[in-house]
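>>> Here is the input, now give the coordinates:
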Amino acid sequence: MTEENKPVTGSDALPEAVVREERSFSIIWIVPLVAALIGGWLVYKTMSEKGPAITISFKSAEGLEAGKTKIKYKEVEVGLVESMSLSKGLSEVIVSATLTKEFGVYLTDKTRFWVVKPRVTAGEVSGLGTLFGGAYISVDPDTTGKRVDAYKGLEQPPIVTNDLPGQSFILRANRLGSLDTGSQIYYRQIRVGEVERYDLSEDGKTVDIKIFVHSPYDQFVLKNTRFWNAGGLDFSLDANGLKVDTESIVSIMLGGIAFDTPVNLETSEPAMEGDIFPLYANHQDALKKVYAEKVYWIINFNGSVRGLSVGAPVEFRGIRIGQVLDINLKIDADKLEFSIPVLIETEPESIFKAAPDPDDETRKKYMTALVAKGLRAQLRTGNLLTGQLFVDLNFYPDAPPQQILWSGKYPELPSIQTPMEEIVASITKTLDRINKFPLEEVGAESREAVKGVRQAMDATKVLMKAMQAMEADVRPRALEVLNQAKETLASLDKTVNSDSPLNQETKRAMEELAGAARSIRVLVDYIERNPDSLIYGKGKDKQ
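Down below sits the predicted model:
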């Protein structure tokens, strides 16, 4: 037997294994289980309390930092910037942020975000507090829109936030002038609002300026309120002297808008949110009565229009109802005749205001009747020093009959000559008559008439001399005749005097004639009642 196969005995023998039953759960597993439960609870709590995630696009990420830049509302933290990335076209920066759960109800399509940082503009200095604390994103919440998760950040802070009470209106102007975002709105020289923004109209002809008027001043904006540009100085010269009008020093440098409601016979209601008003160039233009509706006419003038310019007034009996818009020169190639068509703009409300229903057909009927009555357009001189002309509409009953031409792009009103052209025409006709007058024949007849007049004058002189020679003989006899006539009149006066015998006798004779007349009337009446008295006599009965 080898040593390897030798059995083990004694102390060299291996101990016998003892089999014992182990417990199924160890206390050591409590620690990871508790840790797992705590971790799950923390995850649940974090997820349940986590607010909505949104993205905001900006043109630049200047001043922003992921994990540090906060989102604030009224200086209270409501969110945090998580990350930033570039858009696909590299034109914008996409900022991913998370807001608090409570703020989620304010995230609508009307909510606005912008970066608050130091800004210096002509009107104000803002954001100086961020020099030490760093830039942050501010939010203007809103609950009236629909829920969205992607927003486009504003490059400039909004002038008006959603929580400010007041109303917004639209002003329509021909040009922006010195106005800008943030320009002030004044009412009786009190600052009551600001310009929110401005945009070019869809047709590109006007500028639409959105303004905001704070409460309670918005109640003073009525339907007939007038707005005007208050920037700079407004000079006016009248009988009282030179006047300078301005709202404030700030409006002189930075521009501004003022408004007021004119005192007139028109009644008006409070304006509504979003109402549109015209913006006038100055205070004087705002005080003028204007109308929104415009009607265009063409007037052809055959004479000179020197002194007539675009913007010249169109008046009816001294009241301005429109203005001149364009002046052209037109030639008739067939007749080789020139005419000058003038395009005017009128305000039909100023003419047909009293009409019950001033629609287009009604105005057309009225204008046709007015032209048939003698309404004509005429150029008149508005300023003798400058020679400026204006278009005057008035009635000329003696004018030749004419009608409105409705067939063209614009209806054409008939016109008459200017006063100067009428004077020139009258002088021309007079000169033509003088040229046609037979001066030679009339001259010969005039010479003969002069000879006859001279002969008559010579005969008159001879007659005067003869009368002077007869005066010495005629005068004594004439005096004698006058004395006799005087005595005769005195005698006649005594005769017809009330106390004269002739007058008394005349009275008695008249009284007797009156008595006889009464007796005759009594007799005639009796005979009419008793005709048989002519046969039987008075007081006797008939046989």
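>>> in this structure, which spans are helices?
Here the chain has its helices, by DSSP state H, at 30-49, 130-133, 249-254, 283-287, 348-351, 360-373, 419-436, 439-495, 501-529, 533-536.
>>> The second one - contacts with which helices or strands?
Packing contacts for helix 130-133, counted by 3 or more C-beta pairs under 8 Å, 6 or more residues apart in numbering; DSSP states H and E, involve no helix or strand. Where you see a C-beta, it was placed from the backbone N, CA and C, and this is true even at glycine.
>>> residues making contact with it?
63, 116-118, 136 (C-beta atoms under 8 Å, 6 or more residues apart in numbering).
>>> now those: which count as buried?
Buried subset of these (neighbour count, 16 or more other C-beta atoms under 10 Å): 63, 116-117, 136.
>>> Quick check: of the residues you listed, which lies closest to residue 161?
The closest of those to residue 161 turns out to be residue 116 (C-beta to C-beta; 12.8 Å).
>>> Isn't that closest one up against residue 157?
Yes - if you go by C-beta atoms under 8 Å, residue 116 and residue 157 touch, sitting 7.1 Å apart.
>>> what's the overlap in contacts for those two?
residue 138.
>>> coming back round to it: show me the least confident stretch of the helices of the chain, going by mean pLDDT.
Among these, helix 249-254 has the lowest mean pLDDT, at a mean of 59.
>>> Just flag the most distant two among the contacts of helix 130-133.
Counting by C-beta to C-beta, the most remote pair of the contacts of helix 130-133 is 118 and 136, 12.2 Å apart.
>>> how far does stretch 60-69 stretch from start to finish?
Using C-alpha to C-alpha, to the nearest Å, the end-to-end distance of stretch 60-69 comes to 14 Å.
>>> how about that stretch: buried residues?
Neighbour count says stretch 60-69 has 61, 63-64, 69 buried, by 16+ other C-beta under 10 Å.
>>> returning to that earlier point: from the buried ones among the contacts of helix 130-133, which land in strands?
Among the buried ones among the contacts of helix 130-133, the ones falling in strands (DSSP state E) are 116, 136.
>>> Now render the buried ones among the contacts of helix 130-133 as JSON lines, adding pLDDT and distance to residue 165.
Below are the buried ones among the contacts of helix 130-133 laid out as JSON lines (pLDDT from 0 to 100; distance: C-beta to C-beta, whole Å):
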{"residue": "63", "pLDDT": "87", "distance to residue 165": "31"}
{"residue": "116", "pLDDT": "91", "distance to residue 165": "23"}
{"residue": "117", "pLDDT": "87", "distance to residue 165": "28"}
{"residue": "136", "pLDDT": "92", "distance to residue 165": "26"}
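>>> Output the buried ones among the contacts of helix 130-133 in JSON lines, with distance to residue 409 appended to each entry.
JSON lines is the format used below for the buried ones among the contacts of helix 130-133 (distance: C-beta to C-beta, whole Å):
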{"residue": "63", "distance to residue 409": "58"}
{"residue": "116", "distance to residue 409": "55"}
{"residue": "117", "distance to residue 409": "55"}
{"residue": "136", "distance to residue 409": "59"}
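>>> Would you check how far apart the closest residue to residue 151 other than its chain neighbours and residue 298 are?
The shortest distance from residue 151 to any non-neighbouring residue, by C-beta to C-beta, 6 or more residues apart in numbering, is to residue 56 (4.8 Å). Distance from residue 56 to residue 298, counting by C-beta to C-beta, to the nearest Å: 56 Å.
>>> same check, this time on residue 75
64 Å.
>>> okay, those two: which has more neighbours?
residue 298 (17 against 9; other C-beta atoms under 10 Å).
>>> And the more buried one, how close does it get to residue 349?
Residue 298 sits 21 Å away from residue 349, going by C-beta to C-beta.
>>> same thing with residue 373?
Distance from residue 373 to residue 349, by C-beta to C-beta: 21 Å.
>>> Between the two, which is the more surrounded one?
Using other C-beta under 10 Å, the more surrounded residue of residue 373 and residue 349 is residue 349, with 17 against 10.
>>> Do I have it right that that one meets residue 295?
No - look at residue 349 against residue 295 with C-beta under 8 Å: they stay out of range, at 9.6 Å.
>>> What's the local residue count around residue 228?
Other residues near residue 228 come to 23 when the count uses other C-beta under 10 Å.
>>> Okay, and the beta partners of it?
residue 258, residue 280 (DSSP bridges).
>>> residue contacts, residue 66?
The contact partners of residue 66, taken as C-beta under 8 Å, 6+ apart, are 81-84.
>>> so who does residue 110 touch?
Taking C-beta under 8 Å, 6+ apart as the test, what residue 110 contacts is 142, 144-145, 162.
>>> need the contact list for residue 52.
Residue 52 sits next to 98-99, 101, 103-104, 107, 149 when contact means C-beta under 8 Å, 6+ apart.
>>> of those, closest to residue 322?
residue 107 (52.7 Å).
>>> Give me the neighbour count for that closest one.
Considering only other C-beta under 10 Å, residue 107 is surrounded by 21 other residues.
>>> per-residue confidence at it?
On the pLDDT scale, residue 107 is placed at 90.
>>> try residue 389
Residue 389 carries a pLDDT score of 90 in this model.
>>> before we move on, back to that, tell me the buried residues within the contacts of residue 110.
The neighbour-count test (16+ other C-beta under 10 Å) applied to the contacts of residue 110 identifies residue 142 as buried.
>>> Out of the contacts of residue 110, the closest to residue 213 would be?
Within the contacts of residue 110, the smallest distance to residue 213 is 15.6 Å, found for residue 162 (C-beta to C-beta).
>>> Now do the same contact list for the nearest residue to the closest one once chain neighbours are set aside.
Spatial nearest neighbour of residue 162, excluding adjacent residues (C-beta to C-beta, 6+ apart): residue 142 at 5.0 Å. By C-beta under 8 Å, 6+ apart, the contact set of residue 142 is 106, 108, 110-112, 162.
>>> Would you convert the residues you listed into CSV that also reports distance to residue 427?
Below are these laid out as CSV (distance: C-beta to C-beta, whole Å):
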residue, distance to residue 427
106, 84
108, 80
110, 75
111, 79
112, 75
162, 75
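>>> Tell me which of those residues fall in strands.
Counted as lying in strands by DSSP E, out of those, are residue 112.
>>> low-scoring stretches of the stretch 101-250 of the chain, by residue?
Across the stretch 101-250 of the chain, the ranges flagged by pLDDT under 70 are 120-125, 127, 232-250.
>>> quick one, domains of this protein?
Here the domain parsing of the chain from automatic domain parsing is 49-152, 166-287, 295-432, 501-536.
>>> out of those domains, nearest to residue 480?
domain 501-536 (28.3 Å).
>>> Alpha carbons of stretch 328-339, in CSV - could you do that?
What follows is stretch 328-339, C-alpha atoms only, in CSV (Å, rounded to 0.1, in the frame of the first residue of the first chain):
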residue,chain,number,x,y,z
ASN,A,328,-53.0,117.3,-63.6
LEU,A,329,-52.8,118.5,-67.2
LYS,A,330,-54.9,116.7,-69.8
ILE,A,331,-55.0,117.0,-73.6
ASP,A,332,-57.7,116.0,-76.0
ALA,A,333,-55.7,114.6,-79.0
ASP,A,334,-58.6,114.8,-81.4
LYS,A,335,-59.6,118.4,-80.6
LEU,A,336,-56.1,119.6,-79.5
GLU,A,337,-57.7,121.1,-76.4
PHE,A,338,-56.2,121.3,-72.9
SER,A,339,-58.0,120.9,-69.6
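>>> contact partners of that stretch?
By C-beta under 8 Å, 6+ apart, stretch 328-339 touches 300-302, 340-343.
>>> Quick check: mean pLDDT of that stretch?
Mean predicted lDDT for stretch 328-339 stands at 83.
>>> rewinding a little: now, the most widely separated pair of the contacts of residue 66?
Pairwise distances across the contacts of residue 66 (C-beta to C-beta) peak at 8.6 Å, for the pair 82 and 84.
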